[in-house]
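# Quick one, fold the following:
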Amino acid sequence: MTGIKIRLAEIIEALSKALDMTEGQPEGHCIRCCYIGTEIGREIGLEDSDLHDLYYTLLLKDLGCSSNAARICELYLADDLSFKHDFKLVDGSLGQVLRFVIGRTGMKSGLAERFRGILNILQNGGTISTELIQTRCQRGADIARQMRFSEQVADGILALDEHWNGGGKPNGAAGMTIPLFARIALLSQVIDVFQESGGPNSALREIRKRRGEWFDPNLVDAFTRLSSRSNFWKTLVSPDLEALVLASEPGQQAVMADDDYLDDIAAGFAKVIDAKSPYTSGHSDRVALYTDLISEEMGIDFEDRRLLKRAALLHDIGKLGVSNSVLDKPGKLDDQEWLQMKRHAEFSERILSTIGAFSEAALIGGAHHERLDGKGYPRGLTAQEIPMEVRIVSTADVFDALTADRPYRSAMPIDKAIGILREGAGTSHDPICIEALERALDRAKLGTFTRPALQQIEARYALPSHQRSSQLSATSARDRWR
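Residues are numbered from 1 along each chain as shown. Okay, here's the model as predicted:
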């Protein structure tokens, strides 16, 4: 992989499908918004350099969307995925908002709990709305910067929910003070949501109704002109749209991503994944750390360790497609909820398998809950079908799950977690991986295994793996451990 560069747009397009999932939108929503918004940008005469940043703003507009999912479940006592999907069809008028809140809050809860939930929303709705949007937009902008996108992209994400008339969130910005990319992104989002639910005429009616309120009138007029051209709507719903959007990335030369950039992209999306639930904060980073410790102890070389660390960061990306009502449930999952939870491995594999640079991550994302005895999911693979790469990440994943707080229990002491792993050696997890993890923890010379001790290890290994390459073995162990 060293020295090989791949299209950044190809990676971001594929990862944008994970953002569609956590917003409850049909697959390809961000890609369709990218097509709509980039065409608006061309219609108003933007230069290629600005079109390039607009292109990535549109693909990544929902980068912070996972960060308010748990709060939505808590406040509205609702499935965050369907709630988010349906709320995008509300026009923002007080009557529609009230009807939506009353009709959707706590529908599966007891009457008293539902009453308290609705009362809380009605009394504190403005503050709650600002909090949810501020969290989402700020987190998205911060992650965009971490992934090396420009301030124009970050600002476009930050101001996504501001309205032309000053009635938006979180800052009540108005008119030309709202960044242009944010104005285009919000318009594109509403166009796609309404054309998906009701067709082109529905989309046009909606944006004309909100012209001068939510939307910049000049942008609405620009879209109206371009949408009347032959084949616009046909292209928007074409199965070839993804390839078309990839091929039409603005700029003279497509931006390429090397290994260091791929590491930053994986680390950025790990933050999107872990923001989905308060119980998974830092989970992907810690699984990547434990994966690297195990791999180092097993003598795996730098390049293979780097691929494994990247896979560990992304292994749970499919959880973005699972409702927080399931992820954060404090009690035992019922059969239907358990089926939803198990699908996250399938989602991870499906998203990552479309990215050549993350092909190994796709394998691990799809199989990290398989067991050596064939009792895992989703495929029930047996030992001979589970590569060592999967076994390493699986061991790291379970170790972190045991030693972190979960909605149904507190974090376990480290020694107890190691004991549970040992009990499952040979059936659930590979004893070679468990022994390597024990040696790695012991080699850190921190004495008794405690959560503070682990935090010291985490701090010690905080540097990106490529900055510690001189410490690594030069001999690959991939084939040896399969």
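# This structure: strands as residue ranges?
Secondary structure of the chain (DSSP state E): strands at 6-7, 256-257.
# Name the residues that touch the first one?
If I follow you right, that is strand 6-7. For strand 6-7, the surrounding residues in contact (CB atoms under 8 Å, 6 or more residues apart in numbering) are Leu246, Glu249, Ala254, Val255, Met256, Ala257, Gly356, Ala357. For glycine as for every other residue, the C-beta is placed from the backbone atoms N, C-alpha and C.
# List the contacts of the first one.
Spelled out, that is Leu246. Residues in contact with Leu246, defined by CB under 8 Å, 6+ apart, are Arg7, Ala9, Glu10, Glu13.
# sorry, back to before: need the strands of the chain in a markdown table (columns: mean neighbour count, distance to Phe399 and mean pLDDT).
As requested, those are exported to a markdown table (neighbours: other CB atoms under 10 Å; distance: least, CB to CB, whole Å; pLDDT from 0 to 100):
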| stretch | mean neighbour count | distance to Phe399 | mean pLDDT |
| --- | --- | --- | --- |
| strand 6-7 | 18 | 32 | 84 |
| strand 256-257 | 18 | 30 | 86 |
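# Which among those strands is found nearest to Gln123?
Closest of these to Gln123 is strand 256-257, at 47.6 Å (criterion: CB to CB).
# mind listing what that closest one pairs with, with the direction of each?
With DSSP bridges as the test, strand 256-257 is paired with strand 6-7 (antiparallel).
# just how off-centre is the partner strand within its chain?
Taking CA atoms, centre = their mean, to the nearest Å, one finds the center of strand 6-7 at 20 Å from the center of the full chain.
# which stretches of the stretch 201-350 of the chain form helices?
Assigned by DSSP state H, counting those that start in this stretch, the helices in the stretch 201-350 of the chain fall at 217-227, 232-236, 241-247, 259-274, 283-297, 302-314, 324-327, 335-352.
# Over to the stretch 1-150 of the chain?
8-22, 29-43, 48-59, 69-76, 80-87, 94-104, 111-146.
# I'd like to know which of the ones you listed is closest to Asp405.
Nearest of the helices of the stretch 1-150 of the chain to Asp405, taken as CB to CB: helix 69-76 at 13.6 Å.
# angle of the closest one against helix 80-87?
70 degrees (axes from the mean of the first three to the mean of the last three CA atoms, to 10 degrees).
# got the buried residues for helix 69-76?
Neighbour-count burial for helix 69-76, counted by 16 or more other CB atoms under 10 Å, picks out Ala69, Ala70, Arg71, Ile72, Cys73, Leu75, Tyr76.
# same question, stretch 335-345
For stretch 335-345, a neighbour-count test (16+ other CB under 10 Å) marks Glu337, Gln340, Met341, Lys342, Arg343, His344, Ala345 as buried.
# hmm, back to that, looking at the strands of the chain, which is nearest to Phe223?
Across the strands of the chain, closest to Phe223 is strand 6-7 (CB to CB), at 27.7 Å.
# where does the stretch 301-450 of the chain dip in pLDDT?
Low-confidence segments of the stretch 301-450 of the chain (pLDDT under 70): 408, 444-450.
# pLDDT score assigned to the nearest residue to His29 once chain neighbours are set aside?
Nearest non-adjacent residue to His29, counting by CB to CB, 6 or more residues apart in numbering: Asp20, 4.4 Å away. Here, the pLDDT recorded for Asp20 equals 93.
# who are the neighbours in contact with Asp20?
Contacts of Asp20 (CB under 8 Å, 6+ apart): Pro26, Glu27, Gly28, His29, Cys30, Asp62.
# Same question for Ala182.
Ala182 sits next to Thr57, Asp155, Gly156, Ile157, Leu158, Ala159, Leu160, Glu162 when contact means CB under 8 Å, 6+ apart.
# Which residue is the nearest non-sequential neighbour of the fourth one?
Distance criterion CB to CB, 6+ apart; nearest residue to Ile157, sequence neighbours excluded, is Gly140 at 4.3 Å.
# burial measure for the one you found, as a count.
For Gly140, the count of nearby residues is 27 (other CB atoms under 10 Å).
# how close does it sit to Pro217?
As judged by CB to CB, to the nearest Å, Gly140 and Pro217 stand 26 Å apart.
# residues in contact with the residue lying closest to Ser49 once chain neighbours are set aside?
Once flanking residues are discounted, Ser49 sits nearest to Gly251: 7.2 Å by CB to CB, 6+ apart. Residues in contact with Gly251 (CB under 8 Å, 6+ apart) are Asp48, Ser49, Leu51, His52.
# what do you get for Leu333?
Val326, Met341 are the contacts of Leu333 under CB under 8 Å, 6+ apart.
# Got the phi and psi for it?
Phi and psi for Leu333, reported as degrees, to the nearest 10, are phi -70, psi 140.
# quick revisit: how much space between the residue nearest to Ser49 and Thr38?
Gly251 is 12 Å from Thr38, where distance means CB to CB.
# okay, how far is it across stretch 96-110, tip to tip?
Stretch 96-110 has its terminal residues 24 Å apart, counting by CA to CA, to the nearest Å.
# Give me the distance between that stretch and the centre of its chain.
Counting by CA atoms, centre = their mean, stretch 96-110 is centred 27 Å from the centre of its parent chain.
# likewise stretch 286-295?
21 Å.
# Show me what the mean pLDDT comes to for that stretch.
Averaging pLDDT along stretch 286-295 gives 95.
# Could you list the residues in contact with it?
By CB under 8 Å, 6+ apart, stretch 286-295 touches 270, 304-305, 308-309, 311-313, 315, 392-393, 395-397, 399-400, 404, 433, 436-437, 440-441, 457-458, 461, 465.
# out of those residues, which are buried?
270, 304-305, 308-309, 311-313, 315, 392-393, 395-397, 399-400, 404, 433, 436-437, 440-441, 457, 461, 465.
# which residues do Gly251 and Thr38 both contact?
The contact sets of Gly251 and Thr38 overlap at Leu51 (CB under 8 Å, 6+ apart).
# TSV for the contacts of Ala182, including pLDDT and distance to Asn124?
Listed next are the contacts of Ala182 as TSV, based on pLDDT from 0 to 100; distance: CB to CB, whole Å:
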residue	pLDDT	distance to Asn124
Thr57	98	31
Asp155	97	29
Gly156	97	29
Ile157	97	26
Leu158	96	24
Ala159	97	24
Leu160	96	23
Glu162	96	21
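# of all those residues, which comes closest to Asn231?
Thr57 (24.8 Å).
# Would you enumerate the residues in contact with that closest one?
Thr57 makes contact with Gly37, Gln152, Val153, Gly156, Ile157, Phe181, Ala182, Ile184, Ala185 under the criterion CB under 8 Å, 6+ apart.
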